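1. sequence-free structure coming up:
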């Protein structure tokens, strides 16, 4: 299974952008890049996913390197509610595949 | 309805008890998952069901027995558990191919 590497923790200020990096050097051509986050005492929630092109949604943006070996989740204006553990995950295109969580990045937001 | 509902939210059981965790979704998803999460750790995949058939078992001990009686329901039967099995058990569902996972809030299990 292709693996991802993320920093253990990051800190940011409220109302500033946050860039959360993820390395996935062994990614295969059929792997989608998914991001989830887990708020305290809750199950993980989906944030965004992409294959090759950069993606935007109401929660965040996903920037994918041209060689697909890394990606960056961008929160454009962090709020205190964005404090969570963020997981970068690779998901195979076909079938109900193994979706393996790495250790994630614990994001803290300073007021 | 974009919810995955897990019951019970909390469960305390002895090592000789038999209990079950339940998970329900009505999004038409045909893939369902069980994860186990210990404190301060990422979720660990246990089982994956695809079209009501077990497709992945991550070498989980037989004291955990999954069951998918129909496309909306997923159960996890528990028997003769150990204290180290105490954890948050998360259920998720998704389209079989691609698609994001929708997680429930989990069932917190304590084994005495």
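-> Yep, that arrived. Quick caveat: nothing in here was measured; it's all calculated off a predicted structure.

2. Only C-alpha atoms from now on, for both contacts and neighbour counts.
-> OK.

3. near chain B, which residues of chain A?
-> A:32, A:34, A:41-46, A:49, A:91-104 (CA under 8 Å from any CA of the partner chain).

4. C-terminal to the helix or strand containing residue A:19, what's the next element?
-> Per DSSP states H and E: residue A:19 is located in strand A:18-23. Next in sequence after strand A:18-23, counting helices and strands by DSSP H and E, comes strand A:31-38.

5. Strand A:18-23 and that next one, what's the angle between them?
-> Using axes from the mean of the first three to the mean of the last three CA atoms, to 10 degrees, one finds that strand A:31-38 and strand A:18-23 are set 130 degrees apart in direction.

6. what about the helix or strand just after strand A:31-38, average pLDDT?
-> Downstream of strand A:31-38, the next assigned helix or strand under DSSP H and E is strand A:45-50. For strand A:45-50, mean pLDDT is 94.

7. ok, now stretch A:65-76?
-> pLDDT averaged over stretch A:65-76 gives 96.

8. Distance from the chain centre to that stretch, please.
-> Mean-position distance between stretch A:65-76 and its chain equals 9 Å (CA atoms, centre = their mean, to the nearest Å).

9. how far does that stretch stretch from start to finish?
-> Using CA to CA, to the nearest Å, one end of stretch A:65-76 lies 19 Å from the other.

10. try stretch A:4-13
-> With CA to CA as the measure, stretch A:4-13 spans 26 Å from end to end.

11. same check, this time on stretch B:19-32
-> Criterion CA to CA; first-to-last residue distance in stretch B:19-32 is 20 Å.

12. what's it in contact with?
-> Under the criterion CA atoms under 8 Å, 6 or more residues apart in numbering or on different chains, residues A:96, B:1-8, B:13, B:48-52, B:71-79, B:91-96, B:104, B:107 lie in contact with stretch B:19-32.

13. now with 7 Å?
-> A:96, B:1-8, B:48-51, B:71-79, B:91-96 (CA atoms under 7 Å, 6 or more residues apart in numbering or on different chains).

14. among the residues you listed, which ones are buried?
-> With burial judged by 16 or more other CA atoms under 10 Å in any protein chain shown, the buried subset of those is A:96, B:4-7, B:48-50, B:71-79, B:91-96.

15. Secondary structure class of residue B:32, three-state.
-> strand (DSSP: H, G, I helix; E, B strand; the rest coil).

16. How about the contacts made by residue A:88?
-> Counted by CA under 7 Å, 6+ apart, residue A:88 has contacts A:4, A:22, A:34, A:35, A:36, A:104.

17. and the angle from the one helix or strand it maps to to strand A:18-23?
-> If you go by DSSP H and E, residue A:88 is part of strand A:84-92. Going by the same axes, to 10 degrees, strand A:84-92 is angled at 40 degrees with respect to strand A:18-23.

18. chain center to the strand holding residue A:19, what's the gap?
-> 7 Å.

19. Poorly predicted segments of the chain, please.
-> No chain was given, so I picked chain A. Along chain A, the model assigns pLDDT under 70 to residues A:1-2, A:94-96.

20. meant chain B, my bad for not saying
-> B:1-2, B:97-98.

21. Let me know whether residue A:39 touches residue A:86 as I believe.
-> No - look at residue A:39 against residue A:86 with CA atoms under 7 Å: they stay out of range, at 8.9 Å.

22. which of those two has more neighbours?
-> Using other CA atoms under 10 Å in any protein chain shown, the more surrounded residue of residue A:39 and residue A:86 is residue A:86, with 27 against 15.

23. Helix, strand, or coil at residue B:24?
-> Here residue B:24 is strand, with the state taken from three-state DSSP.
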